[in-house]
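*Asks:* Give me a 3D structure for the following:
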Amino acid sequence: MSDIGSLFEKIVAGKIPSYKVYEDDLVFAFLDINPLAPGHTLVIPKKKYETLDKVPDETAAAIGKVLPRLARAIMKATECKDYNILQNNGTVAHQFVPHVHFHIIPRPNAKAGLGLSWNTTTDLKKEQAEALLKKITSGL
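*Replies:* Residues are numbered from 1 along each chain as shown. Presented below is the predicted three-dimensional model:
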């Protein structure tokens, strides 16, 4: 990840101008200045957390509460019915700014917005699923 983690902190603090869409005590949302489609919005916690697993429950709940509200407003404003919510964690997962952020990306048509290809690995075997399930649930 690049050394621009403080970029979003500067935006929240008003040191870098932004097109603010929403703000409360824990969450800040603003238009992406390099949008994939009109209305492309970033939703971030005001405090910097590098990856989603580091975000406290209260902040995660605040983000989760506002995401649908923002999506409805953005879809209405852009007259889109389809959209993507994208959130990346770590460099291998294409996270370039080390501050948790969610993208709300309108899809006005099949070509505009986020392009995805879903490359599955192999079918999940019962033994693998059960072992993985045990590891995941024991960590909750």
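*Asks:* and residue 84, which of the three is it?
*Replies:* strand (DSSP: H, G, I helix; E, B strand; the rest coil).
*Asks:* Okay, it and residue 90: tell me how far apart.
*Replies:* Counting by Cβ to Cβ, to the nearest Å, the gap from residue 84 to residue 90 is 19 Å. Using the backbone N, CA and C atoms, a C-beta is placed for each residue, glycine as well.
*Asks:* The two: which has the busier surroundings?
*Replies:* More crowded of residue 84 and residue 90, by other Cβ atoms under 10 Å: residue 84, with 16 against 11.
*Asks:* wait, isn't the more buried one in contact with residue 112?
*Replies:* No. Applying Cβ atoms under 8 Å as the test, residue 84 and residue 112 come out as separate, 11.2 Å apart.
*Asks:* Mind checking which residue lies nearest the centre of this protein?
*Replies:* residue 102 (1.4 Å; Cα atoms, centre = their mean).
*Asks:* contacting residues around that one?
*Replies:* 42-44, 63, 67, 85-87 (Cβ atoms under 8 Å, 6 or more residues apart in numbering).
*Asks:* Which residues does it form beta bridges with?
*Replies:* residue 43 (DSSP bridges).
*Asks:* How much space separates it from residue 32?
*Replies:* 11 Å.
*Asks:* Give me the common contacts of the two.
*Replies:* residue 42.
*Asks:* ok, which stretches of the protein are strands?
*Replies:* 20-23, 27-31, 41-45, 83-86, 102-106 (DSSP state E).
*Asks:* Same question for the second one: list its buried residues.
*Replies:* Yep, that's strand 27-31 we're talking about. 27-30 (16 or more other Cβ atoms under 10 Å).
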